[in-house]
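Engineer: Give me a model of this one.
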Amino acid sequence: MDATVADTVARATRDQAVSDAHDDLQKLRRHAVEAGRERSRKITKTSRIDPRSGEIRYNPAGRLVRDWYVHVYLNTLRSKLGEPAEVIDAQQVEDTTKQLHLMRPAVSSIGALRAVAVIRGVAISDAARAASQIVDSLRSVGARRAIQHAPDDRFDGDLLRVHVTRHWYLRCYQDHVEHVTKSQQPLTAVTYGEQAQVAVVLETRVARRLIDRHGLPLVTAHGTAMSDVDRQLAAGETQIVSGLTASAQRMNPQATLRHQLTKTWADLDVALREHWIRVAGADTPSRGLAWAELSDESKSKIIMLYLRSHSLALTGVPFNEPPIKQTPDTAARRMFNHRDPLDSGSARIQEHGSTGVSRDPYRDDARPADRTARSSPHSQL
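Structural biologist: Below you'll find the model as predicted:
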(Lines give C-alpha, C1' and ligand atoms only; values in the text may rest on other atoms or scores of the structure.)
Protein backbone atom coordinates (compact mmCIF):
# COMPACT_ATOMS: atom_id res chain seq x y z
CA MET A 1 0.00 0.00 0.00
CA ASP A 2 1.33 3.42 -0.92
CA ALA A 3 2.12 5.85 1.91
CA THR A 4 -0.41 8.40 0.61
CA VAL A 5 -3.14 5.77 0.40
CA ALA A 6 -2.34 4.50 3.91
CA ASP A 7 -2.51 8.03 5.32
CA THR A 8 -5.85 8.60 3.57
CA VAL A 9 -7.28 5.34 4.94
CA ALA A 10 -6.19 6.17 8.51
CA ARG A 11 -7.61 9.69 8.32
CA ALA A 12 -10.89 8.63 6.64
CA THR A 13 -11.41 5.84 9.16
CA ARG A 14 -11.01 8.26 12.04
CA ASP A 15 -13.41 10.79 10.49
CA GLN A 16 -16.00 8.08 9.79
CA ALA A 17 -15.78 6.71 13.32
CA VAL A 18 -16.29 10.17 14.83
CA SER A 19 -19.25 10.84 12.54
CA ASP A 20 -20.89 7.50 13.34
CA ALA A 21 -20.37 7.95 17.08
CA HIS A 22 -21.97 11.39 16.92
CA ASP A 23 -25.00 10.07 15.04
CA ASP A 24 -25.43 7.10 17.39
CA LEU A 25 -25.21 9.37 20.43
CA GLN A 26 -27.90 11.65 19.05
CA LYS A 27 -30.20 8.73 18.24
CA LEU A 28 -29.90 7.14 21.68
CA ARG A 29 -30.24 10.56 23.32
CA ARG A 30 -33.61 11.04 21.61
CA HIS A 31 -34.72 7.63 22.84
CA ALA A 32 -33.58 8.51 26.38
CA VAL A 33 -35.54 11.77 26.25
CA GLU A 34 -38.71 9.91 25.28
CA ALA A 35 -38.09 7.41 28.09
CA GLY A 36 -37.71 10.29 30.56
CA ARG A 37 -40.99 11.84 29.47
CA GLU A 38 -42.70 8.47 29.85
CA ARG A 39 -41.30 8.07 33.35
CA SER A 40 -42.52 11.52 34.34
CA ARG A 41 -46.06 10.39 33.47
CA LYS A 42 -45.70 7.42 35.81
CA ILE A 43 -44.34 9.15 38.90
CA THR A 44 -46.60 12.24 38.77
CA LYS A 45 -50.33 12.57 38.07
CA THR A 46 -51.97 15.54 36.36
CA SER A 47 -55.46 14.53 37.43
CA ARG A 48 -56.99 13.58 40.76
CA ILE A 49 -60.34 12.42 42.15
CA ASP A 50 -62.26 15.06 44.06
CA PRO A 51 -63.07 13.44 47.45
CA ARG A 52 -66.33 15.41 47.76
CA SER A 53 -67.86 14.98 44.31
CA GLY A 54 -65.98 11.89 43.15
CA GLU A 55 -65.20 13.57 39.82
CA ILE A 56 -61.82 13.51 38.08
CA ARG A 57 -60.31 16.98 38.10
CA TYR A 58 -57.20 18.52 36.59
CA ASN A 59 -54.29 18.71 39.05
CA PRO A 60 -52.12 21.78 38.27
CA ALA A 61 -49.69 20.89 41.08
CA GLY A 62 -49.06 17.52 39.49
CA ARG A 63 -48.44 19.19 36.15
CA LEU A 64 -45.92 21.53 37.78
CA VAL A 65 -44.07 18.63 39.38
CA ARG A 66 -44.07 16.72 36.09
CA ASP A 67 -42.64 19.70 34.21
CA TRP A 68 -40.05 20.12 36.97
CA TYR A 69 -38.94 16.49 36.57
CA VAL A 70 -38.65 16.81 32.79
CA HIS A 71 -36.72 20.08 33.11
CA VAL A 72 -34.18 18.59 35.52
CA TYR A 73 -33.95 15.30 33.60
CA LEU A 74 -33.36 16.89 30.19
CA ASN A 75 -30.72 19.35 31.37
CA THR A 76 -28.89 16.72 33.42
CA LEU A 77 -28.92 14.33 30.46
CA ARG A 78 -27.63 17.03 28.11
CA SER A 79 -24.85 17.86 30.57
CA LYS A 80 -23.84 14.19 30.88
CA LEU A 81 -23.70 13.87 27.09
CA GLY A 82 -21.55 16.96 26.60
CA GLU A 83 -24.27 19.26 25.25
CA PRO A 84 -25.15 22.81 26.37
CA ALA A 85 -27.40 22.62 29.40
CA GLU A 86 -28.95 24.88 32.00
CA VAL A 87 -27.58 24.53 35.51
CA ILE A 88 -30.22 23.51 38.06
CA ASP A 89 -29.41 25.85 40.93
CA ALA A 90 -30.95 26.61 44.32
CA GLN A 91 -32.91 29.56 42.92
CA GLN A 92 -34.87 27.29 40.59
CA VAL A 93 -35.63 24.94 43.49
CA GLU A 94 -36.88 27.86 45.57
CA ASP A 95 -39.06 29.26 42.76
CA THR A 96 -40.61 25.87 42.04
CA THR A 97 -41.29 25.37 45.77
CA LYS A 98 -43.12 28.72 45.95
CA GLN A 99 -45.29 27.89 42.94
CA LEU A 100 -46.14 24.47 44.36
CA HIS A 101 -47.06 25.95 47.73
CA LEU A 102 -49.35 28.51 46.04
CA MET A 103 -51.11 25.73 44.10
CA ARG A 104 -51.45 23.52 47.19
CA PRO A 105 -51.84 25.78 50.22
CA ALA A 106 -52.73 22.76 52.36
CA VAL A 107 -49.18 21.50 51.95
CA SER A 108 -46.67 23.23 54.20
CA SER A 109 -43.66 25.05 52.77
CA ILE A 110 -41.35 22.34 54.13
CA GLY A 111 -43.54 19.66 52.53
CA ALA A 112 -43.46 21.46 49.19
CA LEU A 113 -39.67 21.86 49.39
CA ARG A 114 -39.30 18.19 50.23
CA ALA A 115 -41.42 17.20 47.22
CA VAL A 116 -39.42 19.42 44.85
CA ALA A 117 -36.14 18.07 46.23
CA VAL A 118 -37.25 14.43 45.91
CA ILE A 119 -38.36 14.90 42.29
CA ARG A 120 -35.10 16.68 41.52
CA GLY A 121 -33.08 13.82 42.99
CA VAL A 122 -35.07 11.21 41.07
CA ALA A 123 -34.65 13.11 37.79
CA ILE A 124 -30.88 13.48 38.27
CA SER A 125 -30.53 9.79 39.13
CA ASP A 126 -32.60 8.73 36.10
CA ALA A 127 -30.62 10.99 33.75
CA ALA A 128 -27.28 9.72 35.04
CA ARG A 129 -28.44 6.13 34.64
CA ALA A 130 -29.66 6.82 31.09
CA ALA A 131 -26.33 8.40 30.12
CA SER A 132 -24.43 5.43 31.57
CA GLN A 133 -26.62 3.00 29.63
CA ILE A 134 -26.00 4.94 26.42
CA VAL A 135 -22.23 4.68 26.89
CA ASP A 136 -22.48 0.94 27.65
CA SER A 137 -24.63 0.36 24.58
CA LEU A 138 -22.28 2.24 22.29
CA ARG A 139 -19.37 -0.03 23.25
CA SER A 140 -20.96 -2.97 21.45
CA VAL A 141 -22.38 -0.72 18.74
CA GLY A 142 -18.89 0.58 17.97
CA ALA A 143 -17.56 -2.96 17.58
CA ARG A 144 -20.33 -3.84 15.13
CA ARG A 145 -19.75 -0.70 13.13
CA ALA A 146 -16.00 -1.38 13.04
CA ILE A 147 -16.61 -4.75 11.42
CA GLN A 148 -19.02 -3.20 8.94
CA HIS A 149 -16.49 -0.47 8.12
CA ALA A 150 -13.74 -2.99 7.26
CA PRO A 151 -15.26 -6.25 5.98
CA ASP A 152 -13.14 -9.33 5.43
CA ASP A 153 -12.76 -8.71 1.69
CA ARG A 154 -11.41 -5.17 2.05
CA PHE A 155 -7.77 -4.49 1.05
CA ASP A 156 -7.96 -7.58 -1.21
CA GLY A 157 -8.40 -9.79 1.82
CA ASP A 158 -5.24 -8.59 3.62
CA LEU A 159 -6.24 -9.65 7.17
CA LEU A 160 -3.64 -7.54 8.98
CA ARG A 161 -4.81 -4.33 7.32
CA VAL A 162 -8.45 -5.35 7.81
CA HIS A 163 -8.06 -5.97 11.55
CA VAL A 164 -5.87 -2.91 12.13
CA THR A 165 -8.49 -0.74 10.41
CA ARG A 166 -11.26 -2.28 12.53
CA HIS A 167 -9.48 -1.71 15.82
CA TRP A 168 -8.42 1.80 14.76
CA TYR A 169 -12.07 2.58 13.96
CA LEU A 170 -13.16 1.26 17.36
CA ARG A 171 -10.44 3.26 19.10
CA CYS A 172 -11.61 6.50 17.45
CA TYR A 173 -15.29 5.67 18.03
CA GLN A 174 -14.82 5.06 21.76
CA ASP A 175 -12.54 8.10 22.06
CA HIS A 176 -15.28 10.39 20.72
CA VAL A 177 -17.92 8.87 23.01
CA GLU A 178 -15.70 9.23 26.07
CA HIS A 179 -14.76 12.79 25.11
CA VAL A 180 -18.38 13.88 24.66
CA THR A 181 -19.60 12.15 27.84
CA LYS A 182 -16.67 13.56 29.86
CA SER A 183 -15.55 10.07 30.88
CA GLN A 184 -12.15 10.25 29.21
CA GLN A 185 -9.07 9.56 31.30
CA PRO A 186 -6.04 11.89 31.06
CA LEU A 187 -3.60 11.20 28.21
CA THR A 188 -5.92 8.69 26.48
CA ALA A 189 -7.17 10.96 23.69
CA VAL A 190 -6.46 10.04 20.07
CA THR A 191 -3.73 12.21 18.52
CA TYR A 192 -2.43 12.81 15.02
CA GLY A 193 0.80 11.13 16.07
CA GLU A 194 -1.14 7.93 16.70
CA GLN A 195 -2.96 8.35 13.40
CA ALA A 196 0.39 8.68 11.60
CA GLN A 197 1.63 5.45 13.20
CA VAL A 198 -1.52 3.63 12.06
CA ALA A 199 -0.80 4.82 8.52
CA VAL A 200 2.75 3.45 8.82
CA VAL A 201 1.41 0.06 9.92
CA LEU A 202 -1.03 -0.02 7.01
CA GLU A 203 1.79 0.84 4.62
CA THR A 204 4.50 -1.49 5.92
CA ARG A 205 2.31 -4.30 7.34
CA VAL A 206 4.43 -4.25 10.52
CA ALA A 207 2.23 -3.97 13.61
CA ARG A 208 3.59 -2.13 16.65
CA ARG A 209 1.94 -1.55 19.98
CA LEU A 210 0.39 1.92 20.28
CA ILE A 211 -1.52 1.57 23.60
CA ASP A 212 0.03 0.05 26.71
CA ARG A 213 -1.70 -2.33 29.12
CA HIS A 214 -2.93 0.61 31.21
CA GLY A 215 -4.74 2.14 28.24
CA LEU A 216 -2.24 4.98 27.75
CA PRO A 217 -0.79 5.83 24.33
CA LEU A 218 2.86 4.98 23.76
CA VAL A 219 3.27 7.70 21.13
CA THR A 220 2.86 11.44 21.62
CA ALA A 221 1.13 13.88 19.30
CA HIS A 222 4.57 14.75 17.90
CA GLY A 223 5.38 11.15 16.94
CA THR A 224 7.87 10.57 19.77
CA ALA A 225 7.78 7.89 22.46
CA MET A 226 5.69 8.79 25.51
CA SER A 227 7.96 9.39 28.51
CA ASP A 228 7.34 9.77 32.22
CA VAL A 229 7.92 13.52 31.87
CA ASP A 230 5.18 13.70 29.22
CA ARG A 231 2.76 11.89 31.53
CA GLN A 232 3.62 14.11 34.49
CA LEU A 233 3.22 17.29 32.48
CA ALA A 234 -0.13 16.15 31.03
CA ALA A 235 -1.34 15.29 34.53
CA GLY A 236 -0.63 18.87 35.63
CA GLU A 237 2.32 18.17 37.90
CA THR A 238 4.65 21.08 38.56
CA GLN A 239 8.36 21.55 39.24
CA ILE A 240 9.23 18.77 36.78
CA VAL A 241 11.59 20.98 34.79
CA SER A 242 13.82 23.24 36.85
CA GLY A 243 13.41 26.94 36.23
CA LEU A 244 16.08 29.15 34.68
CA THR A 245 18.46 30.85 37.05
CA ALA A 246 18.97 34.60 36.98
CA SER A 247 22.31 34.19 35.22
CA ALA A 248 20.80 31.86 32.61
CA GLN A 249 18.05 34.37 31.87
CA ARG A 250 20.70 37.01 31.07
CA MET A 251 22.48 34.73 28.59
CA ASN A 252 22.53 35.45 24.89
CA PRO A 253 21.25 32.24 23.17
CA GLN A 254 23.32 32.91 20.04
CA ALA A 255 26.48 33.49 22.06
CA THR A 256 25.83 30.32 24.07
CA LEU A 257 25.35 28.25 20.90
CA ARG A 258 28.48 29.77 19.34
CA HIS A 259 30.50 28.94 22.44
CA GLN A 260 29.24 25.33 22.59
CA LEU A 261 29.79 24.74 18.88
CA THR A 262 33.28 26.25 18.69
CA LYS A 263 34.34 24.38 21.83
CA THR A 264 33.04 21.10 20.41
CA TRP A 265 34.83 21.77 17.10
CA ALA A 266 38.09 22.56 18.86
CA ASP A 267 37.94 19.27 20.78
CA LEU A 268 37.62 17.22 17.56
CA ASP A 269 40.65 15.75 15.87
CA VAL A 270 41.34 16.24 12.16
CA ALA A 271 39.63 12.98 11.12
CA LEU A 272 36.39 13.83 12.93
CA ARG A 273 36.41 17.38 11.53
CA GLU A 274 36.69 15.95 8.02
CA HIS A 275 33.84 13.56 8.80
CA TRP A 276 31.58 16.42 9.98
CA ILE A 277 32.42 18.49 6.90
CA ARG A 278 31.65 15.55 4.62
CA VAL A 279 28.36 14.65 6.35
CA ALA A 280 27.22 18.29 6.39
CA GLY A 281 28.01 18.66 2.69
CA ALA A 282 30.31 21.62 3.32
CA ASP A 283 33.34 22.66 1.30
CA THR A 284 36.75 21.63 2.66
CA PRO A 285 38.88 24.73 3.34
CA SER A 286 42.18 24.94 1.48
CA ARG A 287 44.23 26.36 4.32
CA GLY A 288 43.10 24.27 7.27
CA LEU A 289 40.25 22.84 9.33
CA ALA A 290 40.08 25.51 12.05
CA TRP A 291 36.65 27.02 12.66
CA ALA A 292 37.84 30.48 11.66
CA GLU A 293 39.07 29.13 8.31
CA LEU A 294 35.62 27.81 7.27
CA SER A 295 33.40 29.81 4.95
CA ASP A 296 30.08 31.21 6.19
CA GLU A 297 28.16 28.71 4.05
CA SER A 298 30.12 25.79 5.48
CA LYS A 299 29.57 27.08 9.02
CA SER A 300 25.81 27.27 8.42
CA LYS A 301 25.69 23.65 7.17
CA ILE A 302 27.74 22.41 10.14
CA ILE A 303 25.53 24.36 12.58
CA MET A 304 22.38 22.76 11.08
CA LEU A 305 23.97 19.32 11.40
CA TYR A 306 24.93 20.09 15.00
CA LEU A 307 21.39 21.14 15.88
CA ARG A 308 19.88 18.05 14.26
CA SER A 309 22.27 15.70 16.03
CA HIS A 310 21.82 17.36 19.43
CA SER A 311 18.03 17.91 19.37
CA LEU A 312 16.98 14.44 20.60
CA ALA A 313 17.21 15.56 24.21
CA LEU A 314 14.74 18.35 23.41
CA THR A 315 12.27 16.61 21.10
CA GLY A 316 12.25 13.19 22.79
CA VAL A 317 13.07 9.68 21.68
CA PRO A 318 11.61 8.66 18.30
CA PHE A 319 8.77 6.14 18.57
CA ASN A 320 10.07 2.67 17.73
CA GLU A 321 8.19 -0.11 19.51
CA PRO A 322 9.24 -3.68 18.62
CA PRO A 323 7.14 -5.42 15.94
CA ILE A 324 4.29 -7.70 17.05
CA LYS A 325 4.89 -11.11 15.50
CA GLN A 326 1.50 -12.77 15.97
CA THR A 327 -1.56 -13.59 13.91
CA PRO A 328 -3.25 -10.56 12.25
CA ASP A 329 -6.25 -10.45 14.61
CA THR A 330 -4.09 -10.80 17.74
CA ALA A 331 -1.52 -8.28 16.51
CA ALA A 332 -4.20 -5.68 15.78
CA ARG A 333 -5.84 -6.31 19.15
CA ARG A 334 -2.53 -5.89 20.99
CA MET A 335 -1.79 -2.69 19.07
CA PHE A 336 -4.69 -0.93 20.75
CA ASN A 337 -4.87 -3.02 23.95
CA HIS A 338 -8.36 -4.27 23.07
CA ARG A 339 -9.59 -7.28 24.99
CA ASP A 340 -11.98 -8.78 22.44
CA PRO A 341 -11.23 -9.63 18.79
CA LEU A 342 -13.27 -8.03 16.03
CA ASP A 343 -14.22 -11.06 13.97
CA SER A 344 -17.24 -11.13 11.71
CA GLY A 345 -18.59 -14.24 13.44
CA SER A 346 -17.77 -13.20 17.00
CA ALA A 347 -20.69 -13.95 19.29
CA ARG A 348 -19.64 -11.28 21.77
CA ILE A 349 -20.27 -8.54 19.20
CA GLN A 350 -23.87 -9.61 18.69
CA GLU A 351 -24.96 -9.43 22.32
CA HIS A 352 -25.55 -6.18 24.13
CA GLY A 353 -26.05 -7.40 27.64
CA SER A 354 -28.33 -5.80 30.18
CA THR A 355 -27.99 -2.17 29.19
CA GLY A 356 -31.61 -1.13 29.24
CA VAL A 357 -31.65 -0.64 25.46
CA SER A 358 -33.36 -2.85 22.89
CA ARG A 359 -31.12 -5.42 21.15
CA ASP A 360 -30.70 -3.47 17.91
CA PRO A 361 -29.80 0.20 18.59
CA TYR A 362 -29.85 0.91 14.84
CA ARG A 363 -33.61 0.53 14.69
CA ASP A 364 -35.54 3.75 14.92
CA ASP A 365 -38.05 2.16 17.29
CA ALA A 366 -35.37 1.14 19.80
CA ARG A 367 -36.34 2.33 23.27
CA PRO A 368 -34.65 2.14 26.65
CA ALA A 369 -36.22 -0.66 28.67
CA ASP A 370 -38.99 0.47 30.98
CA ARG A 371 -38.07 0.43 34.63
CA THR A 372 -40.50 -0.03 37.43
CA ALA A 373 -41.50 3.37 38.71
CA ARG A 374 -40.34 3.93 42.25
CA SER A 375 -43.04 4.83 44.69
CA SER A 376 -42.83 8.31 46.11
CA PRO A 377 -44.76 9.88 48.93
CA HIS A 378 -45.33 12.86 46.62
CA SER A 379 -46.41 10.92 43.51
CA GLN A 380 -50.00 12.07 43.92
CA LEU A 381 -49.21 15.79 43.95
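
Engineer: Can you give me the distance of the residue nearest to Pro322 when sequence neighbours are not counted to Ala225?
Structural biologist: Excluding the flanking residues, the one nearest Pro322 by Cβ to Cβ, 6 or more residues apart in numbering is Arg208, at 7.1 Å. Bear in mind the C-beta positions are built from the backbone N, C-alpha and C, glycine included. Distance, Arg208 to Ala225, using Cβ to Cβ, to the nearest Å: 11 Å.

Engineer: shared neighbours, the two?
Structural biologist: Counting by Cβ atoms under 8 Å, 6 or more residues apart in numbering, the shared contacts of Arg208 and Ala225 are Asn320, Glu321.

Engineer: Can you pick out the residue with more neighbours from these two?
Structural biologist: More neighbours surround Arg208 than the other of Arg208 and Ala225, with 20 against 14 (other Cβ atoms under 10 Å).

Engineer: For that one, give me its contacts.
Structural biologist: Counting by Cβ under 8 Å, 6+ apart, Arg208 touches Gln197, Val201, Asn320, Glu321, Pro322, Pro323, Ile324, Met335.

Engineer: Spatially, which two of those are the most separated?
Structural biologist: Asn320 and Met335 (14.6 Å; Cβ to Cβ).

Engineer: which of these two has more neighbours?
Structural biologist: More neighbours surround Met335 than the other of Asn320 and Met335, with 24 against 9 (other Cβ under 10 Å).

Engineer: follow-up on the earlier one: Provide a PyMOL selection command restricted to the buried entries of the contacts of Arg208.
Structural biologist: To isolate the buried ones among the contacts of Arg208 in PyMOL, judged by 16 or more other Cβ atoms under 10 Å, type:
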select buried, resi 197+201+324+335
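
Engineer: With pLDDT added, can I get the contacts of Arg208 in CSV?
Structural biologist: Output for those, formatted as CSV (pLDDT from 0 to 100):
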residue, pLDDT
Gln197, 90
Val201, 92
Asn320, 79
Glu321, 84
Pro322, 88
Pro323, 89
Ile324, 90
Met335, 92
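
Engineer: Let me know the closest of the contacts of Arg208 to Asp67.
Structural biologist: Met335 (50.2 Å).

Engineer: I'd like to know how far Arg66 sits from Val72.
Structural biologist: Distance from Arg66 to Val72, by Cβ to Cβ: 11 Å.

Engineer: and these two? which has more neighbours close in?
Structural biologist: Neighbour totals were compared for Arg66 and Val72, and Val72 leads with 25 against 20 (other Cβ under 10 Å).

Engineer: Quick check: pLDDT value at that one.
Structural biologist: Val72 is assigned a predicted lDDT (pLDDT) of 91.

Engineer: Also Leu257?
Structural biologist: Model confidence at Leu257 (pLDDT) stands at 70.

Engineer: going forward can the numbers begin at 19, since that is how I track them
Structural biologist: Taking 19 as the first residue, the last one we looked at is Leu275.

Engineer: So what touches the helix or strand harbouring it?
Structural biologist: Using DSSP states H and E, Leu275 sits within helix 271-285. With contacts defined as Cβ under 8 Å, 6+ apart, helix 271-285 is touched by Arg291, Trp294, Trp309, Ile320, Ile321, Tyr324.

Engineer: again, 7 Å this time
Structural biologist: For helix 271-285, the external contacting residues (Cβ atoms under 7 Å, 6 or more residues apart in numbering) are Arg291, Trp309, Ile321, Tyr324.

Engineer: Is the last one in a helix, a strand, or coil?
Structural biologist: Reducing the assignment at Tyr324 to three states with DSSP: H, G, I helix; E, B strand; the rest coil gives helix.

Engineer: and it, what is it in contact with?
Structural biologist: Here Tyr324 is in contact with Leu279 (Cβ under 7 Å, 6+ apart).
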